[in-house]
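>>> make a model of this:
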Amino acid sequence: YSDGRANARTLPGTGAGVRADAQFYGSDYDAAFRVMKPSVPRCFSLGLGTSSASFPLILASMRRFDTSRFHIFYHTRTMPSLFNATPYRHAPINRTDLANDSNSIGFDMEDRTEWLDHFTHAQFCLVLLGDTPHTHALLRSVRAGCIPVIISDTYPVYAPTLKSTLDMHDYGILLPQREFLADTQRVLESLRSLPRSFVEDKIQNLTFAQRVMFGDHPDSLFVPAFLREAIRAVNF
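Residues are numbered from 1 along each chain as shown. From the prediction side, this is the model:
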């Protein structure tokens, strides 16, 4: 199992072992990969998860999509991220006028209940690179039945979740980092014009991804998927 964590990457003010010089804030993931090794063939990733007790499983469906109150959900911390990720993480807030009644976009929400309510009632959830190319937001999005919109070019290589069974291109929408940063407003607005058939395909694949990722799904495939990863890693 690989979660892709680096050694001694604690952010300033968050505890001992601080290592946050200009290199780690200013450089991109070309430098990061020299510090944080991606999953290798003999390893696999289960993803960065969340507690099932604090984040309920909402089964993906077109009905859930159509009745969602919010088009896009995205909230992030105000403090900077490592490896030049801050411009990307703050772009939906600072570079657009999308923070309106149809979207739930902004910095951290203090009310956890409100945060969860918005998260589980959005059609699309943004999954942006942060201190590492992977993020808790991916599995949370899948768990919420929300189509993940992934802005992290190296995520599929760095730590693909249960890679022998799932391909995040099937259930998520991957957007190039450069294009996203160049015109964040246009890129996110384009989600409104996606063909109905495209959305239906994503939802169908998202329902399968939920079965594979989560052991508390009523028709879970997590155990066989986990064993498949383990066997392939051992036999590689």
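>>> for the protein, what spans make up the helices?
For the chain, applying DSSP state H gives helices covering 22-26, 29-32, 62-66, 86-94, 112-119, 136-143, 155-158, 168-171, 177-182, 184-189, 196-213, 222-235.
>>> and the gap between the residue nearest to the spatial centre of the chain and Tyr155?
When Cα atoms, centre = their mean is applied to the chain, the residue found nearest the centroid is Leu138 (2.6 Å). Counting by Cβ to Cβ, to the nearest Å, the gap from Leu138 to Tyr155 is 8 Å. For the C-beta atoms, the positions are set from N, CA and C on the backbone; glycine is no exception.
>>> shared neighbours, the two?
Residues touching both Leu138 and Tyr155 by Cβ atoms under 8 Å, 6 or more residues apart in numbering: 127, 168.
>>> where does the prediction get shaky in this structure?
By pLDDT under 70, the weakly predicted segments of the chain are 1-44, 51, 236.
>>> touching, the residue nearest to the centre of the chain and Ile150? I think so.
Yes - contact status for Leu138 versus Ile150: in contact at 6.9 Å, counting by Cβ atoms under 8 Å.
>>> what do the two both touch?
127, 168, 172.
>>> the last one and Gly106: what is the separation?
Counting by Cβ to Cβ, the gap from Gly172 to Gly106 is 22 Å.
>>> higher neighbour count, the two?
Each of Gly172 and Gly106 has its neighbours counted (other Cβ atoms under 10 Å); Gly172 has more, 25 against 14.
>>> wait, the more buried one touches Ile151, no?
No - Gly172 lies out of contact with Ile151 (Cβ under 8 Å); the separation is 10.5 Å.
>>> got any residues that touch both of the two?
Common neighbours of Gly172 and Ile151 (Cβ under 8 Å, 6+ apart) are Val127.
>>> quick one on the thing from earlier: most tightly packed of the helices of the chain?
helix 136-143 (a mean of 24; mean count of other Cβ atoms under 10 Å).
>>> before we move on, back to that, turn the shared contacts of Leu138 and Ile150 into TSV, columns for distance to Lys202.
Listed next are the shared contacts of Leu138 and Ile150 as TSV, based on distance: Cβ to Cβ, whole Å:
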residue	distance to Lys202
Val127	13
Met168	11
Gly172	8
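>>> what is the nearest of those residues to Ile231?
Top of the list for closeness to Ile231, among the shared contacts of Leu138 and Ile150 and by Cβ to Cβ, is Met168 at 21.6 Å.
>>> would TSV of the helices of the chain with distance to Ser52 be doable?
Putting those into TSV (distance: least, Cβ to Cβ, whole Å) gives the following:
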stretch	distance to Ser52
helix 22-26	33
helix 29-32	30
helix 62-66	18
helix 86-94	26
helix 112-119	13
helix 136-143	8
helix 155-158	23
helix 168-171	19
helix 177-182	31
helix 184-189	30
helix 196-213	11
helix 222-235	12
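>>> how much space between the residue nearest to Asp131 when sequence neighbours are not counted and Pro160?
Once flanking residues are discounted, Asp131 sits nearest to Leu82: 4.5 Å by Cβ to Cβ, 6 or more residues apart in numbering. In this structure, Leu82 and Pro160 are 21 Å apart, going by Cβ to Cβ.
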